[in-house]
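**Q** next comes the sequence, and after it the predicted model I'd like to discuss.
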Amino acid sequence: MPDVQGSADSRQVPINKVGVKDIRYPIALMRPEGDDKQHTVAMVNMYVALPHYQKGTHMSRFLEVLNKHHQGIDSSDVMQVARDMKTRLEAEEAHLEMTFPYFIDKKAPVSGQPGKLDIEVTFEAVSNGTEDFILGIKVPATSLCPCSKEISEYGAHNQRCEMEAKVRFAPGQSMWIEELFELVEKCASTQVFAVLKRPDEKFVTEDAYDNPKFVEDIVRDLAIALDGEDRIAWYQVASENFESIHNHNAYAVVERDKRED
């Protein structure tokens, strides 16, 4: 049958990314405990670069590559999937993006009540002769306004915040999702939990009050925390504070490539 996608194109316009997106797919992730894996469902985007002389890419081949891993994609397989895309689609560059919920086991700070906190995790892999991998997490937390605490006779306004960290690792290095999560959540005014009894609620309320932070404070503390981690070669950190007394959010971001220092 005619291969229309593989035919020539005369417009001389290369395409940076073309492919398929928003594929729901099961993945399995190794955990620090060892043999135990966490199973979840990822939203997957798969793209390749298309040269100026080729009319189209072969969309079905993306799914062929993905379905080679029909039992679930292990976290260690992510870069291999990108390599397989590059080879199967005969492309110069392949991009794989995966976003999925991941559950962290957390106990309440006083009562010790167990619970699972869900965070959003992303994997980004690029294969183009060299290889690039980025791990990203979004962590919910609490921030309390230092200005409000300073000027108010009692109380201070606080809000939920979402802290985000994206990291590239130094050669030969890696990090568990749980390890990056632990670094990040320490940088807020206080943590959030899945289950809180009254003694726990008292603790986190007072902990936030004793540790007020602007959004600027949060991203600076995030940067310092990741500066101190030798396994991380590059990072981008951000915080979005969902204001409780304004109809807008506060936001800040810091990016650093430690390899350039």
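**A** Received, thanks.

**Q** can you give me the strands for the stretch 1-150 of the chain?
**A** 15-31, 34-50, 73-74, 94-107, 114-127, 131-144 (DSSP state E, counting those that start in this stretch).

**Q** report the buried residues of the second one.
**A** Looking back up the chat, that one is strand 34-50. Neighbour-count burial for strand 34-50 flags 38, 40, 42, 44-50 (criterion: 16 or more other Cβ atoms under 10 Å). Where C-beta positions appear, they are placed from N, C-alpha and C, glycine not excepted.

**Q** in TSV: those, plus distance to E131 and pLDDT.
**A** Below are these laid out as TSV (distance: Cβ to Cβ, whole Å; pLDDT from 0 to 100):
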residue	distance to E131	pLDDT
Q38	25	90
T40	24	93
A42	20	95
V44	18	96
N45	18	97
M46	16	97
Y47	16	97
V48	15	96
A49	15	94
L50	20	92
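
**Q** nearest to Q191, of those residues?
**A** Using Cβ to Cβ, Q38 comes nearest to Q191 of the buried residues of strand 34-50, at 20.4 Å.

**Q** which parts of the stretch 151-261 of the chain are strands?
**A** 158-169, 190-191, 232-241, 250-257.

**Q** closest one to H69 among these?
**A** strand 158-169 (22.4 Å).

**Q** closest one to L196 among the strands of the stretch 1-150 of the chain?
**A** strand 114-127 (8.6 Å).

**Q** now for the closest one, which elements pack on it?
**A** When contacts are defined as 3 or more Cβ pairs under 8 Å, 6 or more residues apart in numbering; DSSP states H and E, strand 114-127 sits against helix 78-88, strand 94-107, strand 131-144.

**Q** can you list the strands that that strand pairs with?
**A** In the sheet, strand 114-127 lines up against strand 94-107 (antiparallel), strand 131-144 (antiparallel) (DSSP bridges).

**Q** now those strands in a markdown table, with distance to E182?
**A** Below are the strands paired with strand 114-127 laid out as a markdown table (distance: least, Cβ to Cβ, whole Å):
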| stretch | distance to E182 |
| --- | --- |
| strand 94-107 | 9 |
| strand 131-144 | 10 |
